[in-house]
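J.: Have a look; sequence and predicted model below, questions after that.
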Amino acid sequence: MSFRIYHRCAGCKKKQEFVNSGKFRVNANGNLVDVWLIYRCKKCKHSLNLTVYERTRPQKIPADLFEAFQSNDEETALSYGESVEFLKKNKVEIR
Ligand SMILES: [Zn+2]
């Protein structure tokens, strides 16, 4: 199951529920990449990027997973949304 996640929203200036957008953002920085899964405030749609990979060599990321990030694979996005470990690492509140 997917969790409800809560975090302070920079748009609303208070704690709000954030919803998994199903979209990843991949940012190459030299030979390192950052990958985020984007959540959006349920109320104002302000985005919250949850870190999937941080300053990681692309070779260290399994090729099919990297492809899933780049094509915004819905199932992959959902699986991160169901990972307590991933959500805890990003210090969001889970309910
Ligand atoms: Zn908001």
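T.: On my side now, so go ahead. The structure displayed is predicted, hence computed values, not measured ones.

J.: Centroid-nearest residue for the chain?
T.: When CA atoms, centre = their mean is applied to the chain, the residue found nearest the centroid is Leu37 (2.0 Å).

J.: That residue belongs to a strand, doesn't it?
T.: Yes. Per DSSP: H, G, I helix; E, B strand; the rest coil, Leu37 lies within a strand segment.

J.: Give me the distance between stretch 14-31 and the centre of its chain.
T.: The chain centre lies 4 Å from the centre of stretch 14-31; the measure is CA atoms, centre = their mean, to the nearest Å.

J.: before we move on, the earlier item: gap between the residue nearest to the centre of the chain and Glu85?
T.: Between Leu37 and Glu85 the computed distance is 13 Å (CB to CB, to the nearest Å). Yep, even glycine has a C-beta here, placed from its N, CA and C like the rest.

J.: How about the residues of the chain by the ion?
T.: With CB under 5 Å from the ion as the criterion, the chain meets the ion at residues 9, 11-12, 16, 41, 43-44, 46.

J.: show me what contacts Asn31?
T.: Residues in contact with Asn31 (CB atoms under 8 Å, 6 or more residues apart in numbering) are 57-58.

J.: If we use 7 Å, what do you get?
T.: The contact partners of Asn31, by CB atoms under 7 Å, 6 or more residues apart in numbering, come to Arg57.

J.: Can you get me a residue count around the closest residue to Ala77 other than its chain neighbours?
T.: On the basis of CB to CB, 6 or more residues apart in numbering, the spatially nearest residue to Ala77 that is not a chain neighbour turns out to be Gly22, at 4.4 Å. Neighbour count of Gly22, defined by other CB atoms under 10 Å: 17.

J.: The one 3 residues further on now?
T.: Other residues near Arg25 number 15, with proximity taken as other CB under 10 Å.
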